[in-house]
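Quick one, fold the following:
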Amino acid sequence: MHKEYRTIADMDRSSLIFRAPAGSVFLGEIIVVKLASGETRLGRITRLQADRIFAEIFAGTRGMSTEDAVVPQGRPLEAIFHPEHLLGRITDPFGNPLDGRPPVDQGETVLLGGPAINPASRDMPSGMIHTLVPAIDLFNTLVTGQKIPIFTIPGEPSNRLIARIATQAQTDVIVVALIGVRFDEYIFFKEYFEETGAMDNVRLIVNTAADPLAARLAVPDRALAEAEQWAFLGKRVLVALTDMTMFAEALKVLNVEQGNIPSRAGYPGSLYSDLAKRYETAADLTTACGGSITLIGATTMPGGDVTNPVPDNTGYITEGQFYLVNSIIDLAGSLSRLKQLVQGKETREDHPELMNILVRMRAESQSRKESFGKKTEDDYRYFRFAQEFDARLMDLNISMPIEQALETGWEVLANHFAAGEIRIRQELIEKFGKWSK
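Numbering: from 1, shown residues only. Here you go, the predicted structure:
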């Protein structure tokens, strides 16, 4: 029997404080609150201050009273994992089904939010993940075991981009975690995966904006704990978390509710560690078990401000970023810091140099467009190049393998510039160029 404490001293929308002897509970321990109505609610201890115990209540505290009983369970937050039964399933972060099917109640018990994978077990990220999105494959190549965010603003098609990457990426398992999304966004993902026939390989974990705030914190933990288990079984797993800004906002509110001193812009001082703990789950475990975890996290920049603490801290943790602006992945702001590990090695030898010249020419066209003075015919040539470049390579609705993207890149160059104007090695021009021989 677990000891009951009827010592609730204070409560807020998603948190409560109760009293218990020092040392009788531990940080991260699960509690069950028994209401007078017979209802029970799950929570987690987040802070210890002598005999004052702070806890977050996943379903919120509405309807609770200070007379209710708090029962520590003597265990951390856990979940049931079964590699076959969870694929194709839609649940909330606690495993409650949202697809009308029975709960998964058989399998291995796994810890949520546990320690990161031992660095000694990790390989250097390697191996290209083909997404069939030329703006990624050609210019900001995604690498197995990489962690990378999508920086975006409200109104940009980040959900569609994530859905396309998830369904087109050459991986074994797709784990998509929706954090504080609108209900129509959840329906979009569900219908997209069903219509594309990808649902059988997708694990969808959902928390909508209408759900209790504290439950958001469990969403990435559940997604990443399950991803680890699949990786240990030798599976290549792609995890998509959206939106990590909503995760950070939940941390912000709960931090204030529990009386902690806020840091920059009101976020908790632990924001960097809280984000890093999730992103650092990404790993290439090929040598250890044959599996891998590649992580993409959508991050909405409040007010479009990249210096906001959420994208700012994220940038220090991750290995680059996709910068989504005006419905394209902006080349000036985007970077995959690991792309050099695969470009020209797992892809064609012309990939690095072709990518560089295309980016340089696109930047030159933008510079000419923004310059003052009368435009010349040469300026308009660059503008025509940029228009074709964006239409054939940067449009997020385009799908093509990397080989076709490389061929298209050469074609776009040949349509607007002479071979002698292109600063690429002559042997590559002769081998791959589209100019008349």
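
So, low pLDDT: which residues of this structure?
Flagging of the chain using pLDDT under 70 yields the residue ranges 437.

quick one: the helices in it?
Assigned by DSSP state H, the helices in the chain fall at 134-137, 158-168, 183-195, 218-232, 244-257, 271-279, 286-289, 309-317, 351-370, 377-389, 402-416, 426-432.

Looking at those helices, which is nearest to Ile117?
Ile117 sits nearest to helix 218-232 of all those, at 6.9 Å, using Cβ to Cβ. C-beta: built from backbone N, CA, C; applies to glycine.

contacting residues around the closest one?
Helix 218-232 has contacts (Cβ atoms under 8 Å, 6 or more residues apart in numbering) with 58, 77, 79, 81, 83, 86, 93-95, 108, 110-114, 117, 172-173, 175-179, 203, 205, 207, 237, 239, 241, 244, 247, 278, 281, 283, 285, 289, 291-293, 295.

Buried among those residues? Need that as a selection in ChimeraX.
In ChimeraX syntax, the buried subset of the contacts of helix 218-232 is picked out as below (16 or more other Cβ atoms under 10 Å):
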select :58,77,79,81,86,93,94,95,112,113,114,117,172,173,175,176,177,178,179,203,205,207,237,239,241,244,247,278,281,283,285,291,292,293,295
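
Just grab the bridge partners of Arg41 for me.
Val33 (DSSP bridges).

Ala69 now?
Beta-bridge partners of Ala69, as defined by DSSP bridges: Lys34.

So it versus Lys34, what's the distance?
According to Cβ to Cβ, to the nearest Å, Ala69 and Lys34 sit 4 Å apart.

any common contacting residues for the two?
Counting by Cβ under 8 Å, 6+ apart, the residues touching both Ala69 and Lys34 are Glu4.

Was I right to think Thr287 contacts Asp123?
Yes - under the criterion of Cβ atoms under 8 Å, Thr287 makes contact with Asp123 at 5.2 Å.

neighbour-wise, which of the two wins?
Asp123 (15 against 9; other Cβ atoms under 10 Å).

Thr144: which of the helices of the chain is closest?
Across these, closest to Thr144 is helix 286-289 (Cβ to Cβ), at 7.9 Å.

Could I get the CA-only coordinates of the closest one as CSV?
Only the C-alpha atoms of helix 286-289 are listed here, as CSV (Å, rounded to 0.1, in the frame of the first residue of the first chain):
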residue,chain,number,x,y,z
THR,A,286,24.8,1.5,-36.2
THR,A,287,27.8,-0.1,-34.6
ALA,A,288,26.0,-0.8,-31.3
CYS,A,289,22.7,-2.2,-32.6
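
Which strands and helices lie in contact with it?
Using 3 or more Cβ pairs under 8 Å, 6 or more residues apart in numbering; DSSP states H and E, no helix or strand is in contact with helix 286-289.

Give me the contacts around that helix.
Taking Cβ under 8 Å, 6+ apart as the rule, helix 286-289 contacts 121-123, 126-127, 144, 231-234, 292.

middle-most residue in this structure, spatially?
Nearest residue to the geometric centre of the chain (Cα atoms, centre = their mean): Gly297, 1.8 Å.

burial of the closest residue in space to Val342 that isn't next to it in sequence, as a residue count?
Spatial nearest neighbour of Val342, chain neighbours left out: Met128 (4.2 Å); criterion: Cβ to Cβ, 6 or more residues apart in numbering. For Met128, the neighbour count with other Cβ under 10 Å is 21.

need the contact list for Met128.
137, 141-144, 342, 346-347, 402.

filter these to the buried ones?
Applying 16+ other Cβ under 10 Å to the contacts of Met128 flags 137, 141-144, 342, 347, 402 as buried.

returning to what we had before: I figured the residue nearest to the centre of the chain hits Gly315, correct?
No - contact criterion Cβ under 8 Å: Gly297 and Gly315 do not qualify, at 11.6 Å.

who touches both of those two?
Both Gly297 and Gly315 are in contact with Pro149, where contact means Cβ under 8 Å, 6+ apart.

Got the domain ranges for this structure?
8-76, 82-340, 351-432 (automatic domain parsing).

can you give me the end-to-end distance of the second one?
Think domain 82-340. 36 Å (Cα to Cα, to the nearest Å).

ditto for stretch 224-238
Using Cα to Cα, the two ends of stretch 224-238 sit 10 Å apart.

How far does that stretch sit from its chain's centre?
With Cα atoms, centre = their mean, to the nearest Å as the basis, stretch 224-238 stands 15 Å off its chain's centre.

go on, stretch 50-69?
Computed by Cα atoms, centre = their mean, the chain-centroid distance of stretch 50-69 equals 31 Å.

measure that stretch end to end?
First-to-last residue span, stretch 50-69, Cα to Cα: 20 Å.

Okay, buried residues for it please.
52-61, 64, 68-69.

Widest-spaced pair of those residues?
So, those by Cβ to Cβ: farthest apart are Arg52 and Ala59, at 22.3 Å.
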